[in-house]
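Undergrad: I would like to see how this sequence folds:
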Amino acid sequence: MSPLSRRDFLTAGVAAGAGLVIGFYLPHGASSGNGTDTFAPNAYLKIAPDGKITVVVARSEMGQGVRTSLPMILAEELEADWKQIVIEQAGASTLYGDQSTGGSASVRTTWDPMRKAGATAREMLISAAALEWGVPRSACKAENSTVVHAASNRRLTYGQLASKAAAQPIPTNPTLKDAKDYKIVGKSLPRLDVPSKVDGTAEFGIDFRLPGMKYAILARCPVVGGKVAGIDDKDARKIAGVGYVGKIGDSAVAVVADSVWGAMEGRRTLNVQWDEGPNKGLTSATIYEGLKKSVSNKSATLYSVGDVSKASGRRVEAEYTLPFMAHAPMEPGNCTADFRGSACELWAPTQVPQDVRDSVAQAVGLDPDQVKVNVTLMGGGFGRRLEHDYGVEAALVSKAANAPVKVLWTREDDMRNSPYRPASYHKLSAVLDGQGWPVAFTHRLVAPSISGQKGSATPNGVDPDLPDEAGLVYSFPSAKLEYVMTESAVPLGWMRSVYALQMGFASESFIDELAFVAKKDPIEYRLHLLSKDEDIKYFDATWRTARMRGVLQLAAEKASWGKGLAAGHYQGIACFGCFGTYMAEVVEISMENDQPRVHRVVAAMDCGQVVNPNILEQQMKGGVIYALTNALRAQITIANGRVVQGNFDDYAPVRMNEAPLIEAYSVPSTEAPTGAGEPTVPPLAPALCNAIFAATKKRIRALPIAA
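TA: Alright, predicted model coming up:
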C-alpha cells in the first residue's frame, strides 16, 4: 500500500461516529490549470457503524436517473449490498469540482473515479478485516457489504469494520472488476427516488416552503433587451397581501405578496413604462435573412479531409433552416431565497448550483462562501436550468423585501423571457461519382455562439460545444465541416442536444437526398459510407465507423426495414453521433390530411457500458418524445422584438394520443460509458422527414414540419 495522491482522494478518516468516509474527485471537463496536484472532491462515500452506506450525489436529478445510476457504479466496486445504499443530494460547494449537470456528462465523467472510489474502500475494508483476524489479505474477500474469511467461515460487516478501515493505508491503484463479474452495473435496478415521488415526499423546487415565506411574480420587459422606464404601482399596492413592489435589475419589476394569487393580481394591475430599446423592430424574418447572408462570411474549419475543391462529378446542393426553440420544462422557473444580511440561502431546481451561488453572491454583495445553495428535484431541465436568472432574481427580491421569498415564473414568463436554442442556417453540397457515391461533402453551419454571447472564449472562431456535437462519422474521400459565427440579439441558451440537433437534421436529411439521387436504398447508402473500418479524428474525439455501422444495422433489423409495412405506411432512417455516443433511428409513419402520423420509432444506441438498462430505456424514449415535439411544432418566433409563443397552445408538446410506439435497443458493450440523455434527439427529425419524403416525395428542409 502507498499513500494516495491528493489528485484522486481528499481524505480518508474517521469523524466522530461517522465511520469510514472517502472523498473522491469527479472531473467534468474543467480543471484548475495550476499544474499542482491539489483538487476538490465532489462526492463522498460514507459507511456508518450501523452499516448504512451513503453516496452524496453532486449531480442534479431532473428525471434522468443520476441518483440511482451514479451510486450503482460505486456500489459495484465496493461489493455493497444495494439494499443498504442511501443517497444524499449535495448542495453547491467548493469541495465538489464542477457540479454542472449537462452535456450528457454525469455518467461518462464519473465512471472511472467512482469505480476507483468504491474499489479503494473495498480494499481498505478487506485490510481491516485481515488485521482483525490476523490472516493474510489474500485469504479474505468482500461480498454483499461484508468481508469473509472462507477458511474459518468468519465474516464482518462493513459497519463493523468502518472505523478500523479508516486507519488503513490507502491504495493508489486498486484492482477494478472485469465487466463479466458485475453484479449491479448492467442490471435494471429500481430507481432510488421513485418511492418518494410516489408518496409525495419528494421535494421539487416549486414545492419548497419556509415559515413566513412570501411569493413574488415579476413583470419583465416584453421586448428583447428592453428596460424599465417608469413604474405606477398605486393599483398593485391595493391588492390584498401585496407588501412590496419594486424594480429588480434593469428589466423587471417584482410584486411580493402573501400568496401566489395576490402576487399575480398585483402584477396584473401594475403599470410599467418600458424603454423598448434597439430591438423593438426585430422579427424572425430579418433574423433568418441575416443568417443566410452570413453564409459567405469567414468561417472556422471544424473538420477537413482531402481537398473538396478538386472533386469532379455531379454536384448536389441543399439548404436547411432551424428555428429558435424553447426548453419548456413542465415545472416552470422558480427559486426560494432567504437573504439574511451577511448570508443568503437558496433552494433551487438548478443544473449549476455553483454558478447560481457565484452569480447570487455578486448580485447581493456577498462572498460565495456566504451563499448556500440547496439543490432540489427538477420537473425537467433540458438546459434551461443551466441559467442563473431565477436564483439571482429570488435573492434580489428577498433582499429588497426583507423576507424569505419564492419567485415563481408563469408558463408565459418562461416561454417569453428565457434564453433559446439558437436558430441556424445550413448549406450543404456533395459531388457524386458515376455510381452515385460522394467523393466530396461539405457542410457549412451558420449560427450564433451560445458561449460567445455569454462572454466565454470561442477559440479560433469555434463555439466550444461544437467539438462534442457536430462530428462527422462517415468516410468520404474529401470532406469539410465549417462554422460561421454570427451575432444574436435574442438571448441564447443550451438546450437538449444543442447544436447536434441542428447538424443532425441537416446532414442526415442531405444524406437521404444523395441516396435518392443515386437511386439507392437509404440504409444501404449509409452502410456503404461506413463499410470501411476507420477511426475518424474530430477535435479530441475519435469516431469509429464500425460502431455507427452497428447501430444502423441493429435499428434496421429491429424495424424490419422495408418489410411487411402496412398499406400507406412508410419508413425513414437517420443516424448521428454526439457526446461520444452512436445513435440510429427508424421512424414509421402514415400521412393524414397532409400531416405525418408517427406510428413507431425504433431507436438503437451504442453508449458503451450500460449502467442501468431500465434508466437507459427511459432516457431513450423520453428523448424520442422530446425530439418529436421539436420536429413537429416547436418554434419560437419574434415579432416587433417580442416572443410570439406563450403557452402550450401555441408551443404544443406531443400529446399522449399522438405518442408512437417506441422501441429502444442498445448495443452490448464493455467500452466506457458515454452520453445517453441527448444523443437520442438528433436523428429523430431527419428520420421523420425522410419518411415523409418516402411517402410524398416532398423534401422538408426547414423545421418545424407544421410551420
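
Undergrad: what's the average pLDDT for the stretch of helix or strand G622 belongs to?
TA: Assigned by DSSP states H and E, G622 belongs to helix 613-632. Per-residue pLDDT over helix 613-632 has a mean of 97.

Undergrad: Please identify the buried residues of that helix?
TA: 615-632 (16 or more other CB atoms under 10 Å). For every residue, glycine as well, the C-beta is placed using N, CA and C.

Undergrad: Same question for stretch 431-445.
TA: Neighbour counts using 16+ other CB under 10 Å place 431-432, 436-445 of stretch 431-445 among the buried residues.

Undergrad: Can you show me the CA trace of that stretch as PDB?
TA: Output in PDB follows, covering the C-alpha atoms of stretch 431-445 (Å, rounded to 0.1, in the frame of the first residue of the first chain):
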ATOM      1  CA  VAL A 431     -20.100  15.800 -55.600                       C
ATOM      2  CA  LEU A 432     -21.100  12.300 -56.700                       C
ATOM      3  CA  ASP A 433     -19.200   9.900 -58.900                       C
ATOM      4  CA  GLY A 434     -20.700   7.900 -61.700                       C
ATOM      5  CA  GLN A 435     -22.200   5.300 -59.300                       C
ATOM      6  CA  GLY A 436     -23.700   8.000 -57.100                       C
ATOM      7  CA  TRP A 437     -21.200   7.800 -54.200                       C
ATOM      8  CA  PRO A 438     -20.000  11.000 -52.700                       C
ATOM      9  CA  VAL A 439     -16.400  11.900 -53.500                       C
ATOM     10  CA  ALA A 440     -16.700  15.300 -51.700                       C
ATOM     11  CA  PHE A 441     -19.000  16.500 -48.900                       C
ATOM     12  CA  THR A 442     -19.300  20.000 -47.400                       C
ATOM     13  CA  HIS A 443     -21.500  21.300 -44.600                       C
ATOM     14  CA  ARG A 444     -21.400  24.900 -43.600                       C
ATOM     15  CA  LEU A 445     -23.200  25.800 -40.300                       C
END
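
Undergrad: partners of Q89 in the sheet?
TA: Using DSSP bridges, the bridge partners assigned to Q89 are V57.

Undergrad: Between the buried residues of stretch 431-445, which sits nearest R547?
TA: Closest approach to R547 among the buried residues of stretch 431-445 (CB to CB): F441, at 20.0 Å.

Undergrad: and that closest one, what element?
TA: strand 438-448.

Undergrad: Just give the closest residue to A489, not the sequence neighbours.
TA: Once flanking residues are discounted, A489 sits nearest to N279: 4.9 Å by CB to CB, 6 or more residues apart in numbering.

Undergrad: picking up where we left off before, wait, which of the buried residues of stretch 431-445 is closest to L270?
TA: Using CB to CB, L445 is the member of those that lies nearest L270, at 42.4 Å.

Undergrad: residues touching the closest residue to that closest one other than its chain neighbours, list them.
TA: By the measure of CB to CB, 6+ apart, the closest residue to L445 outside its immediate chain neighbours is Y483, 5.0 Å from it. For Y483, the contacting residues are 299-300, 302, 444-447, 461-463, 466, 470, by CB atoms under 8 Å, 6 or more residues apart in numbering.

Undergrad: distance of S163 from L125?
TA: Look at S163 and L125: by CB to CB, to the nearest Å, they are 11 Å apart.

Undergrad: and the helix or strand encompassing the residue nearest to L445, which strands flank it?
TA: Element membership for Y483, per DSSP H and E: strand 479-486. Under the criterion DSSP bridges, strand 479-486 sits next to strand 300-305 (antiparallel), strand 438-448 (parallel) in its sheet.

Undergrad: in the helix or strand following it, what's buried?
TA: Reading on from strand 479-486 to the C-terminus, the next helix or strand found by DSSP H and E is helix 498-517. Residues of helix 498-517 classed as buried by neighbour count (16+ other CB under 10 Å): 498-516.

Undergrad: And S163 and L125? Which one has more around it.
TA: L125 (29 against 16; other CB atoms under 10 Å).

Undergrad: gap between the helix holding G622 and the chain center?
TA: Centroid separation between helix 613-632 and its chain, computed with CA atoms, centre = their mean, to the nearest Å, is 13 Å.
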